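In: 3D model of this:
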Amino acid sequence: MIPAALPSPSVGVIELGPLTIHAYALCILAGIFVAVWMGDRRLQDRGGEPGVVLDIAMWAVPFGIIGGRLYHVITTPQPYFGDGGNPVDALKIWQGGLGIWGAVALGAVGAWIGCRKEGVRFLTFADAAVPGILVAQAIGRWGNWFNNEIYGPRTDLPWGLEIHRWDSSTGRAVVDGAGEPVVLGTFHPTFLYESLFLLGLAVLLLVLDRRVRFAPGQVMALYIGGYPVGRLFIEMIRTDAANTILGLRVNIWTSILVFVLGVVLYILLGRRAEEPDEARISSSET
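Out: Below you'll find the model as predicted:
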C-alpha cells in the first residue's frame, strides 16, 4: 500500500544513560566520514599519499563547523539575540542550524591551511574533495528530517512529508493530552529534494571528471556554480521563517552571488591553464 505521506521521526535523539546523542549530529558525522573516504580515494588517483585527506580534514572540519554556525547565527540572529532569545543557544549546533555557505567558505580556509602543512596543492585537493563534499551534504540533510525542519508548502502528494510540532530543546515532538505527537500537517520535503539534487550533482561531476580534461580547480568551480542552481529552487519553495533583502530570502541572494562566483572561477581557471602554452607559442614565434 502507498502511504498517504512520508513519515517523520517523533524523536530525534538517542538516550544512553546520561548521554544524549542527536541524530542531526550523527548525520553530519556520517557525511564527514564519507567525504574523507571519497576524497582520499580521488586524491590518491591524482598522486596523493593515502591518509593525507584525513590530515587536511582535521583543519577543514572544525573551520567548516564554525563557519556554518556563524553564517546561520549572522543571517538568523533573532532566536539568539532577539526578544526572548538566548545567546547561549547559538552554541547548540545539535539543535540544527549550520549554513552551508559559511561551512564551505571557512572550511576551505581550513583546508588551505591543511594543504600548506601537508604539501598538497589546494586546487588538486579541492577537485578531489568536492564530489565527496556533495555526498556529505546530501547525508547531512537527513538531519533536518530527524529535526522535523526545512520543509516547503503544504501538499497532498504521495511524497508529502508529515511534520510534527517540534521542541528543539528536547529533540522530540510536542505531544497532546493523550500523549500522541502533534502533527502540523503534510508538506513538501525540501530536505529530500535537496538531498537528491546533491547526489545527482555529485554523480554528474564524477562522470564529467572522467570524460573531460579540466584545468586544475575547474571541478571545484563546477561545484561552486552548480550547487546554487538547486539551492535557488529549494529556497523559493521553503516556507520556514527567514530574513529577507528586498523581499527575497537572504539565501536566494547568496545563491545568486555564489553561482556568479563559480562561473567566473571556472572561466579564469581555464584561461590560467592556457597561459603557459600561449606563452611558449609566442616565444617560439619570436
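In: The closest residue to G132 other than its chain neighbours: helix or strand, and which one exactly?
Out: Setting aside the residues directly before and after it, G132 is nearest to M38 in space (Cβ to Cβ, 6 or more residues apart in numbering), at 3.2 Å. C-betas here are computed from N, CA, C, even on glycine. Element membership of M38 [criterion: DSSP states H and E] is helix 23-45.
In: for that helix, packing partners?
Out: Judged by 3 or more Cβ pairs under 8 Å, 6 or more residues apart in numbering; DSSP states H and E, helix 23-45 is in contact with helix 52-75, helix 122-140, helix 142-146.
In: So which bits of the longest one are buried?
Out: Spelled out, that is helix 52-75. 52-53, 56-57, 59-61, 63-73, 75 (16 or more other Cβ atoms under 10 Å).
In: Same check on stretch 138-154?
Out: By neighbour count with 16+ other Cβ under 10 Å, stretch 138-154 contains the buried residues 138-152.
In: Report the contact partners of the residue nearest to G132.
Out: If you count contacts by Cβ atoms under 8 Å, 6 or more residues apart in numbering, M38 has them with A129, P131, G132, V135.
In: circling back: send the alpha carbons of the helix holding M38 over as PDB?
Out: What follows is helix 23-45, C-alpha atoms only, in PDB (Å, rounded to 0.1, in the frame of the first residue of the first chain):
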ATOM      1  CA  ALA A  23      20.600  12.200  15.100                       C
ATOM      2  CA  TYR A  24      21.400  15.600  13.400                       C
ATOM      3  CA  ALA A  25      25.000  15.300  14.700                       C
ATOM      4  CA  LEU A  26      25.200  11.600  13.600                       C
ATOM      5  CA  CYS A  27      24.200  12.600  10.100                       C
ATOM      6  CA  ILE A  28      26.900  15.300   9.900                       C
ATOM      7  CA  LEU A  29      29.500  12.800  11.200                       C
ATOM      8  CA  ALA A  30      28.400  10.200   8.700                       C
ATOM      9  CA  GLY A  31      28.700  12.800   5.900                       C
ATOM     10  CA  ILE A  32      32.200  13.800   7.000                       C
ATOM     11  CA  PHE A  33      33.300  10.100   7.100                       C
ATOM     12  CA  VAL A  34      32.100   9.600   3.500                       C
ATOM     13  CA  ALA A  35      33.600  12.800   2.300                       C
ATOM     14  CA  VAL A  36      37.000  11.900   3.700                       C
ATOM     15  CA  TRP A  37      36.900   8.400   2.300                       C
ATOM     16  CA  MET A  38      35.900   9.600  -1.200                       C
ATOM     17  CA  GLY A  39      38.300  12.500  -1.200                       C
ATOM     18  CA  ASP A  40      41.200  10.200  -0.100                       C
ATOM     19  CA  ARG A  41      40.500   7.700  -3.000                       C
ATOM     20  CA  ARG A  42      40.300  10.500  -5.500                       C
ATOM     21  CA  LEU A  43      43.400  12.300  -4.300                       C
ATOM     22  CA  GLN A  44      45.300   9.100  -4.500                       C
ATOM     23  CA  ASP A  45      44.300   8.800  -8.100                       C
END
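In: All further residue positions should be reported with the first residue as 416.
Out: Understood, numbering begins at 416; the last thing we discussed is helix 438-460.
In: And it, how far out from the chain middle?
Out: The chain centroid and the centroid of helix 438-460 are separated by 12 Å, computed with Cα atoms, centre = their mean, to the nearest Å.
In: now do stretch 639-646
Out: With Cα atoms, centre = their mean, you get 11 Å for stretch 639-646.
In: in the protein, which spans are strands?
Out: Applying DSSP state E to the chain gives strands spanning 428-431, 434-437, 576-579, 581-582, 587-588, 598-602, 659-660, 663-664.
In: For F612, which of those is the nearest?
Out: Closest to F612 of the strands of the chain is strand 576-579 (Cβ to Cβ; 16.1 Å).
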